[in-house]
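In: Below are the sequence and a predicted model for it; my questions follow.
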Amino acid sequence: MMRELKKLLITIERLIRYNEKAMKRMKNEYDFIADVGDMLRFITALRQTDRYIEMIYMNGACYQLHLLLKKYTDCEPLINAERNHVVTKFKDKLFDITGEVIGEYIPMTNKDIKIASEWSFHKTKMIQIGECQVCEEPIMA
């Protein structure tokens, strides 16, 4: 009986340690971007994944970038006075795909969020994917 009780206690202790580690991992996933340096490293790494990334996030997908960042840290979207560009406020600094930005931005209203949610690079912009081998005209997609 004592031996079984001892085994049960050991099992419970292991489960507690496992749960503590799991909770720590979950917290770390949300706090993946914990400070300004982390934010800049994440944005730089994202921007460097493809030569079109900056163009995409600066031409219709800026709010989508904010939603991506929001998955990894506590931040809020702000919009410029012209209501055509969204940045992310994090630790009292502003960010978009170019890195830290300076400017006048205001909190987004529900109407702003609804409108920005509809913005899309692929619906309004084109990317040159090559040139015609015969006439050298750009091939757009």
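Out: All right, it came through fine. Numbers count the residues shown, from 1 in each chain.
In: quick one: low-confidence parts of this protein?
Out: 1-2, 4-31, 122-130, 138-141 (pLDDT under 70).
In: Compute the first-to-last residue distance for stretch 75-90.
Out: Length of stretch 75-90, first residue to last, C-alpha to C-alpha, to the nearest Å: 5 Å.
In: Revised request: answer the last question for stretch 82-97.
Out: The first-to-last residue distance of stretch 82-97 comes to 19 Å (C-alpha to C-alpha).
In: Any buried residues in it, and which?
Out: His85, Val86, Val87, Thr88, Phe90, Lys93, Leu94, Phe95, Asp96, Ile97 (16 or more other C-beta atoms under 10 Å). (Glycine included, C-beta is placed from N, CA and C.)
In: Would you mind putting those residues into TSV with distance to Pro107 and secondary structure alongside?
Out: Shown next, in TSV, are those (distance: C-beta to C-beta, whole Å; DSSP: H, G, I helix; E, B strand; the rest coil):
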residue	distance to Pro107	secondary structure
His85	14	coil
Val86	11	strand
Val87	11	strand
Thr88	12	strand
Phe90	14	strand
Lys93	15	strand
Leu94	12	strand
Phe95	16	strand
Asp96	16	strand
Ile97	20	coil
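In: Mind putting those residues into CSV with distance to Ile56?
Out: Formatted as CSV, the buried residues of stretch 82-97 follow (distance: C-beta to C-beta, whole Å):
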residue, distance to Ile56
His85, 14
Val86, 14
Val87, 16
Thr88, 16
Phe90, 21
Lys93, 22
Leu94, 19
Phe95, 16
Asp96, 12
Ile97, 8
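In: Can you tell me which of those residues is closest to Ile79?
Out: Val86 (5.3 Å; C-beta to C-beta).
In: Quickly note the distance from the closest one to Gly37.
Out: 22 Å (C-beta to C-beta, to the nearest Å).
In: and which of the buried residues of stretch 82-97 is nearest Leu46?
Out: Ile97 (7.2 Å).
In: Tell me which residues touch that closest one, please.
Out: Ile43, Leu46, Arg47, Ile53, Glu54, Tyr57, Met58, Cys62, Leu65 (C-beta atoms under 8 Å, 6 or more residues apart in numbering).
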